[in-house]
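Enquirer: Got a predicted model here, sequence first, then my questions.
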Amino acid sequence: MQNIPLALAEPEMVLAKELKRADNPDGPPICGRGIVLTESLIERLKRMGIQSVVVEGHPVWNEGDETVAAQLATLDRRFSRVTDDPLMRKLQDIYRAQIKKSMGEQDG
């Protein structure tokens, strides 16, 4: 999942978290998780003063963003000294799945 400015949101992106108003974070959500953005919904959110949304995957690439492969290589390097420890290997697998999921990989 990725937090992006609403100005970069495009139709067909899917909300990864429910969207609430900044001035009333304890209030009811404006949109629920899993809602597919449309042009009209994006415009309505802009008129409401919403600045950013959290969407599924990683649809917007910014300078300095790492690819999934680079993130997994870093993870492997960080766990390289504990490859014989089954608990640490399990933890590494959990992190690996989370990286893939957050970046929109299908099998993550």
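Expert: Looks like it arrived, so ask away. Just so it is clear, the model here is predicted, and its values are computed rather than measured.

Enquirer: From here on, just use CA atoms for contacts and neighbour counts.
Expert: OK.

Enquirer: Setting the sequence-adjacent residues aside, check what's closest to Asp26.
Expert: Spatial nearest neighbour of Asp26, chain neighbours left out: Lys20 (8.0 Å); criterion: Cα to Cα, 6 or more residues apart in numbering.

Enquirer: All the strands of this protein, residue numbers only.
Expert: With strands called from DSSP state E, the chain shows them at 2-5, 52-55.

Enquirer: Mean neighbour count, mean pLDDT and distance to Asn24 for those - can I get that in JSON lines?
Expert: What follows is these, written out as JSON lines (neighbours: other Cα atoms under 10 Å; pLDDT from 0 to 100; distance: least, Cα to Cα, whole Å):
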{"stretch": "strand 2-5", "mean neighbour count": "16", "mean pLDDT": "87", "distance to Asn24": "19"}
{"stretch": "strand 52-55", "mean neighbour count": "22", "mean pLDDT": "92", "distance to Asn24": "15"}
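
Enquirer: returning to that earlier point: what's near enough to touch the residue nearest to Asp26?
Expert: Counting by Cα atoms under 8 Å, 6 or more residues apart in numbering, Lys20 touches 26-31.

Enquirer: which of these has the most neighbours?
Expert: Sorting the contacts of Lys20 by how many neighbours each has (other Cα atoms under 10 Å) puts Cys31 first, at 17 neighbours.
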